[in-house]
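Colleague: Sequence and predicted structure below; questions after.
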Amino acid sequence: MSTSPIDVTAHDNGRTEIMLSRPELLNRVDDCLRDALVDAIHSVAKDGSTRCVVLGAEGRVFSAGGDMEMLKSKHGDIAAIQRGTDAGRRLIDALFDLPVPVVAAVHGHAVGLGSTIVLACDAVVAARGVRIVDSHVAIGLVAGDGGVVMWPAAMGMVKAKRHLLTGDPLLAEDAAALGVVSDLVETPEEVLPTARALADRIAALPPLAVQGTKRSLNHVMRLRAQEVLELSFAYEAQTMSSQDLLEGISAFQYKRAPKYSGH
């Protein structure tokens, strides 16, 4: 088992694989994993040999989302919350600025920030039964770290509102019908081979054409982020100090019904 939260493997054909590698923690996105992922993306962007990336994960889920103990430790700590917000921006910027396409290999559930990472990719391979869910509101947080950008862009505003305002999961088969999942497979075991095959096809295409097309498409996403991301991060920061956040985390951890006060 790897001691690093991220494994990066480059192949001679231009495919690089970035794997979330903390299955024992369900690949939750704490400060360590997020910073390592940003570093990995920056490294790939600079190496000049990568033509397509497969972004996957080890273990039974893609990512269980944010680290609740970390959220509790930062509660009311304005400086720590601001550092987290800045780190969140760096992750979004890194994903948008990466010049080569990224194929997400989603063999297991992608929750919270994990879903944002998946929807920021250029193609999504997922297995039937996989859940893509932004559960921010369910524990008392604004979906501020990219959800309000990625979800509407992927499926349209009304469907995005339906899921972001409830925290209800989107099954991979329904996501495929909406165009959110580009390649639906039957089993988790098929995900990574399918993602690799797609990445290899892209890597074999003329790189200037592929990268120019990706840059153009991501310019649209960047403009959308400029419109809303600062506001959503600010609202999320407010809820990071709310009593409802502590109540939401406690209810989740103790498997009881929450009692929210609006404070």
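Modeller: Sure thing, it's come through.
Colleague: ok, which stretches of the protein are helices?
Modeller: Here the chain has its helices, by DSSP state H, at 31-47, 68-74, 78-97, 113-119, 147-155, 157-164, 172-178, 191-203, 207-239, 243-254.
Colleague: and the fifth one, how far from the chain's centre?
Modeller: Between the centre of helix 147-155 and the centre of its host chain there is 11 Å, according to Cα atoms, centre = their mean, to the nearest Å.
Colleague: name the helices or strands packed onto it?
Modeller: Applying 3 or more Cβ pairs under 8 Å, 6 or more residues apart in numbering; DSSP states H and E, one finds that helix 147-155 contacts helix 113-119, helix 157-164, helix 172-178, helix 207-239. Bear in mind the C-beta positions are built from the backbone N, C-alpha and C, glycine included.
Colleague: Point out the most buried one among these.
Modeller: The highest mean neighbour count among the helices and strands packed on helix 147-155, using mean count of other Cβ atoms under 10 Å, belongs to helix 113-119: a mean of 28.
Colleague: do you know which of the helices and strands packed on helix 147-155 lies nearest residue 246?
Modeller: Of all the helices and strands packed on helix 147-155, it is helix 207-239 that lies closest to residue 246, at 10.8 Å by Cβ to Cβ.
Colleague: now the closest one against helix 191-203, angle please.
Modeller: In terms of direction (axes from the mean of the first three to the mean of the last three Cα atoms, to 10 degrees), helix 207-239 departs from helix 191-203 by 130 degrees.
Colleague: what angle sits between helix 207-239 and helix 147-155?
Modeller: Using the same axes, to 10 degrees, the direction of helix 207-239 lies 140 degrees away from that of helix 147-155.
Colleague: ok, of the helices of the chain, where does mean pLDDT dip lowest?
Modeller: Lowest mean pLDDT within those: helix 68-74, at a mean of 88.
Colleague: by contact count, what packs against that one?
Modeller: Other elements packing on helix 68-74 under the criterion 3+ Cβ pairs under 8 Å, 6+ apart are helix 78-97, helix 243-254.
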